[in-house]
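> Got a predicted structure here, sequence first:
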Amino acid sequence: MALSSEPFPSDRVKAYILNVEQALNAISAETIRDDNVKKLVLLVKSYLSDAKYYFAHNDIFTALSCIAYAEGLLDAARHLGLLSFEWKALSELLKRKRVVVAGSFEFLHPGHLFLLKKAWELGSVTVIVSRDKNFERFKNRKPLLPDTARKEILDSVKFVDEAVLGDEEDFLKPVVELKPDIILLGPDQWITPEELKEKLSERGLSNVIVLKLEERVGDWSSSRILEILKKTACNQSQEAQ
């Protein structure tokens, strides 16, 4: 039988990667008592990380090889009764909605990870990263990390399917291009869901669901972290004198 010359569908590989991610999230670390099983889970995470790396670099066949190995390890452990989880149907994963999250993400803290996880639970997550110019406009200072570095960090987060840079003049332009099913706002974002829905409707995106995350994880914010850093630097300076 001749092998097909058609490339393996990237969306299917993406679904395999997502399925392994969901399986790992369903496994409670507290229930793993055996050291060998812990090592197996770490190995699965390593192959998952490799699969995401190669997928991000458009090496679909290597990504498929890595994720297939990770899936096989998990499946064998499940059949042996060493791990407990259920695979999602591939058809369900392939139909995942596109979810957009936007922000500056100057410091990646637990509040950000909570927001991204909640977005990931709704569908495939795309993060729009604020450009340096817009950051300065809203916060009256330069970001500690440039937008390209912040994008690179978000690209490595397991809950993020892709990160893209925002537009310097029109904050809605990337949203219009992405055509998301859902937009999830963070608790501190300046625009309300109602205001955003109105602006999106004016741009022809009247069917986008706009949600706002009201929950918080602790008292985390970029401003608070920056204040802690300033106080720490000030105290160290005073001690050195």
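Looks like it came in fine. These figures come from a predicted structure and were not determined experimentally.
> all contacts plus neighbour counts: C-alpha atoms, from now on.
Will do.
> Going along the chain, name the strands of this structure.
With DSSP state E as the criterion, the chain has strands at 97-103, 123-129, 162-165, 182-185, 209-212.
> Tabulate those strands (CSV), appending mean pLDDT and mean neighbour count.
CSV is the format used below for the strands of the chain (pLDDT from 0 to 100; neighbours: other Cα atoms under 10 Å):
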stretch, mean pLDDT, mean neighbour count
strand 97-103, 93, 21
strand 123-129, 93, 24
strand 162-165, 93, 19
strand 182-185, 94, 22
strand 209-212, 92, 16
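> who wins for proximity to His79 among the ones you listed?
Closest to His79 of those is strand 123-129 (Cα to Cα; 28.0 Å).
> Could you name the helices and strands sitting against that closest one?
Other helices and strands packing on strand 123-129, by 3 or more Cα pairs under 8 Å, 6 or more residues apart in numbering; DSSP states H and E, are strand 97-103, helix 147-155, strand 162-165.
> For this structure, give me the ranges with low pLDDT.
For the chain, the stretches flagged by pLDDT under 70 are 1-8, 29-31, 217-226, 228-241.
> which residue is nearest the middle of it?
With distances taken as Cα atoms, centre = their mean, Val160 lies nearest the centre of the chain, 2.0 Å away.
> List the residues that contact the closest residue to Val164 other than its chain neighbours.
Of all residues not flanking Val164 in the chain, Ile128 sits nearest, at 5.1 Å (Cα to Cα, 6 or more residues apart in numbering). Applying Cα atoms under 8 Å, 6 or more residues apart in numbering to Ile128 gives the contacts 100-103, 163-166, 174.
> repeat that with 6 Å
Residues in contact with Ile128, defined by Cα atoms under 6 Å, 6 or more residues apart in numbering, are 102, 163-166.
> would you turn the residues you listed into TSV with distance to Ile67?
Shown next, in TSV, are the contacts of Ile128 (distance: Cα to Cα, whole Å):
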residue	distance to Ile67
Ala102	29
Ala163	21
Val164	24
Leu165	28
Gly166	31
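> domain parsing for the chain?
Annotated domains of the chain cover 10-79, 96-224 [automatic domain parsing].
> Dump these into JSON lines; add distance to Phe85 as well.
Listed next are those as JSON lines, based on distance: least, Cα to Cα, whole Å:
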{"stretch": "domain 10-79", "distance to Phe85": "6"}
{"stretch": "domain 96-224", "distance to Phe85": "16"}
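> quick one, which of those domains is nearest to Lys88?
Smallest distance to Lys88 across the domains of the chain (Cα to Cα): 6.3 Å, for domain 10-79.
> how many neighbours does Leu115 have?
Using other Cα atoms under 10 Å, Leu115 has 22 neighbouring residues.
> Now it. Nearest residue, chain neighbours left out?
Gly186 (6.7 Å).
> burial of the one you found, as a residue count?
22.
> Tyr69 versus that one, what's the distance?
Separation of Gly186 from Tyr69 (Cα to Cα, to the nearest Å) stands at 36 Å.
> what's the answer for Leu200, then?
For Leu200 relative to Tyr69 (Cα to Cα), the value is 42 Å.
> buried residues in stretch 148-163?
150-151, 154-156, 158-163 (16 or more other Cα atoms under 10 Å).
> so can I have a markdown table of those showing distance to Glu227?
Putting the buried residues of stretch 148-163 into a markdown table (distance: Cα to Cα, whole Å) gives the following:
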| residue | distance to Glu227 |
| --- | --- |
| Arg150 | 20 |
| Lys151 | 23 |
| Leu154 | 23 |
| Asp155 | 26 |
| Ser156 | 26 |
| Lys158 | 28 |
| Phe159 | 28 |
| Val160 | 28 |
| Asp161 | 31 |
| Glu162 | 30 |
| Ala163 | 27 |
